[in-house]
Each structure stands twice: as structure tokens, then as C-alpha cells.
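A.B. asks: A predicted structure for the sequence below; I have some questions about it.
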Amino acid sequence: MNLYEDKFRFLNYNLKKYNWRLLLLVLAATIFGVFVIESAANGYARKQLLGVIVGFVVLIVVSFIDYTFILKFQWPIYIAAVAILVAVLLFGVNVNGARRWFSLGSFGTIQPSEFAKIMMIIVLTRLITDHRDQISRIRTLLMIGVIYMIPVFLIYKEPNLSTTLVYLFIFVTMIFCGGLSYQFIGRVLVFTVPVIGFLVWYIQQPFQILLKGYQLNRILGFLNPSAYQQTTANQQYNSVMAIGSGMITGKGYNNNTFTSVKGGNFISEQQTDFIFSVIGEELGFIGSCITIFLLAAIVFECLKVAKNASNLSGRLIATGVASMIAFQTFVNIGVATNLLPNTGLPLPFISYGLSALLTNMVGIGLVINIDLQKGRR
């Protein structure tokens, strides 16, 4: 085997072991998303379809690159992630006081914090595997935490609280999967529970400095919707009404009556953050269940790959990708159904957003490659 094959291993995979089930699930979710976006808002579906095509090309290519080879570039990947997050703070476009995007002119925008998710999953995987024997030591966790939290802090400063929470969830999940002792977890919980209680009290005080005004209003609107009915809580109320109005089979695809969320303009960004309200209204309970089933099946398949991975690195990457998709799915649907405070996270593979779509495709490509190598111990 020459050096090229040893690094990339394009030529010695058994395609009979290729995870076609995961690939088909992702294909079904993305195509379903294109149709829903076409109904939700004009002018977005064509771009999303182009993103799906490019994304699947990227997915296939990544699925044939040895993930252990990618892990060798831990520090260049980390430096690149920090660099693009610093760059967007300095040179990104300002939208409503937030700098989260680079403008590509007529091609739209890209969001570096999305691409950095996969980059940090790779970096965190390498950090955990390199220190697996000391993972429950405070000094090791602090070292890993400081390295990981630098890009997280940059995302928080954009400001982008919702994406920050995604990164934190990925971190906790991967650290747990890396072998953190239950004794250490118990000690952390004893400390964490009162801290969370204090933070809940603190953010409601007039002197708090952790949250921006609109972030605080979203949380307070969730806790006390009657007092914020005409502001932040209004969208979630309309979303719940739309989902409920769909009943079992929905009002019909591409429904555009005045009483719909589109025709009545009751919800903004229905093609992204509130795409689930469009699904519930037009396709009803059945369409909502299909959406949840597709995304749950993708997460389950990723966790199955993690369980059968040939080494800890593969298990960590697959778990990281699964946690990223699962958390964003849970939060997006939770916001649309008023189970969680209003925050802007796209529904994976369904919502409009090329940066998020490509990020998820790369993640699935890595998972498929891990599955291809499950027999290599």
C-alpha cells in the first residue's frame, strides 16, 4: 500500500458495508426540507436544493477519507476555527447588532460558527483521546475546557447564545463519552445545581450583564408570556396556534390563506427557526411525526455507529455529531411548540441555511467513514 492509500484509504473500502441507511435517511430529510421551504417562503428552495446537491458531494467525499488522518491536523484545524471566528467579529456584516455572517454578495452569507462546530468536534476528539487516562482529573478537564472555550467565547461575543449552548452540549456529551467517572459527575452536579439556580435569579435582576436585552426578553417572555404577549412571546403563541390548527392531516401543502402563518405574516423567519410551525400547519400531526421520525432515526444511526466504532476517536466523533443534531432538533421543535424560550436554531437538514446544511453533511460523512472502518481494530 503506497503512502497515498495509507493516508486516505480510498481504494480498500468494502462498499457492501457502506451505511446506505444513514445516507438515505439524510437524503429523505433534505428533500423533505426543500419542499417545506418552497412552501414556507418564496425564493429560498432553489438555493437550498443547490446546497443539498453540493452537500451530498461533500458528504460522499468526506465519507471516503480516513477520519484518523483528519485527526492528525488537530492544531491547524483549531487555529483555522479561531481565525474565522475572530475574522467574523472584525469583518462580518452587522445584522441587528450581531456579527455572525460573512457576506458573499448575491450568493448570500456564510456563518463561520456553523463550520466551526465540526472543526471543534475533531479538536475535542483528539484532546480527549490524547488524555483519556487523565480525563477525570481537574487539571486535565481545565486544560481541555480552556482550549475548547476560546472559540465558544468568540461565538458568545457575536452575540450568539443559542449556538453557544450547542457547543456546550457537544462538550458535555463528548466528555462524558470519553470516560468521565460517575464520581466526578456527581461532584460536578452538587456544585452545578445551585449555580444554575443562582444564574436564573441573577439574569432577572436589573443589574445583570450576562445577557443582551433581546436575549433576556425572550427568556422572560417564556417565563411570563402574559406580560410579553405583544413582543417576544407572540411568535411562539402564533406558532403553537398554527401547529394546532393543522390537526391530524394539516391544511394542505403550500396553504396560503390569510389565517395561515405565511398568509397572515404571523411568524417571521418561518423558513428557518419556525419551519416546524409550517410543517405542523400544512402537514398536520402526521407531517410533524414524519419530521421527528426522520431526525430521530438519523441521531439513532449515528449513536449506533458510535457504539460499534473501532476505537475511542470514532466513538467520540459519531457521538459529537449525534449530540449536535439531537440538541438542535430538540431546541428548534421545543421553541416552535413553546416548550423552551425563543432562540434561533435551525432544524437540521430541514430549515433553510446553507452553512448549517453543509456542516451537517460533513458530520454525516465522518460518521459514515467511521462505520466503514468498524472492522479495523
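C.D. replies: Done, it's in.

A.B. asks: Could you list the low-pLDDT ranges of the protein?
C.D. replies: 1-12, 221-233, 257-266, 375-377 (pLDDT under 70).

A.B. asks: if you set the cut-off to 50 instead, what comes out?
C.D. replies: Scanning the chain for pLDDT under 50 picks out 1-9, 11.

A.B. asks: all helices in it, in order from the N-terminus.
C.D. replies: 3-8, 20-40, 45-63, 67-70, 74-91, 112-130, 138-156, 161-177, 182-202, 213-223, 232-246, 275-308, 312-336, 354-372 (DSSP state H).

A.B. asks: Name the residues of the fourth one that are buried.
C.D. replies: For helix 67-70, a neighbour-count test (16 or more other C-beta atoms under 10 Å) marks 67-68, 70 as buried. Heads up, the C-betas are built off the backbone N, CA and C, glycines and all.

A.B. asks: same question, the second one
C.D. replies: Within helix 20-40, the residues that qualify as buried are 22-23, 25-26, 28-30, 32-40, counting by 16+ other C-beta under 10 Å.

A.B. asks: Dump stretch 145-154 to PDB, keeping only the CA atoms.
C.D. replies: Output in PDB follows, covering the C-alpha atoms of stretch 145-154 (Å, rounded to 0.1, in the frame of the first residue of the first chain):
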ATOM      1  CA  GLY A 145     -12.000  23.200  28.700                       C
ATOM      2  CA  VAL A 146      -9.900  26.400  28.200                       C
ATOM      3  CA  ILE A 147      -8.800  25.300  24.700                       C
ATOM      4  CA  TYR A 148     -12.400  24.500  23.800                       C
ATOM      5  CA  MET A 149     -14.000  27.500  25.400                       C
ATOM      6  CA  ILE A 150     -11.900  30.100  23.500                       C
ATOM      7  CA  PRO A 151     -13.900  29.700  20.200                       C
ATOM      8  CA  VAL A 152     -17.100  29.300  22.300                       C
ATOM      9  CA  PHE A 153     -16.400  32.600  23.900                       C
ATOM     10  CA  LEU A 154     -15.900  34.200  20.500                       C
END
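
A.B. asks: Name the nearest residue to W101, sequence neighbours excluded.
C.D. replies: T109 (3.9 Å; C-beta to C-beta, 6 or more residues apart in numbering).

A.B. asks: That neighbour contacts A98, correct?
C.D. replies: No - using C-beta atoms under 8 Å as the test, T109 is too far from A98 to be in contact (12.0 Å).

A.B. asks: L127: which of the buried residues of helix 20-40 is nearest?
C.D. replies: L22 (26.3 Å; C-beta to C-beta).

A.B. asks: Against I196, how distant is L211?
C.D. replies: 15 Å (C-beta to C-beta, to the nearest Å).

A.B. asks: Which of those two has more residues huddled nearby?
C.D. replies: L211 (16 against 9; other C-beta atoms under 10 Å).

A.B. asks: Just list the residues touching the more buried one, thanks.
C.D. replies: Taking C-beta atoms under 8 Å, 6 or more residues apart in numbering, we find L211 in contact with 161, 203, 219.

A.B. asks: Equivalent analysis for L165, please.
C.D. replies: 327, 331, 343.

A.B. asks: and the residues you listed as JSON lines, adding neighbour count and distance to K251?
C.D. replies: Shown next, in JSON lines, are the contacts of L165 (neighbours: other C-beta atoms under 10 Å; distance: C-beta to C-beta, whole Å):
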{"residue": "F327", "neighbour count": "20", "distance to K251": "30"}
{"residue": "V331", "neighbour count": "23", "distance to K251": "26"}
{"residue": "T343", "neighbour count": "19", "distance to K251": "27"}
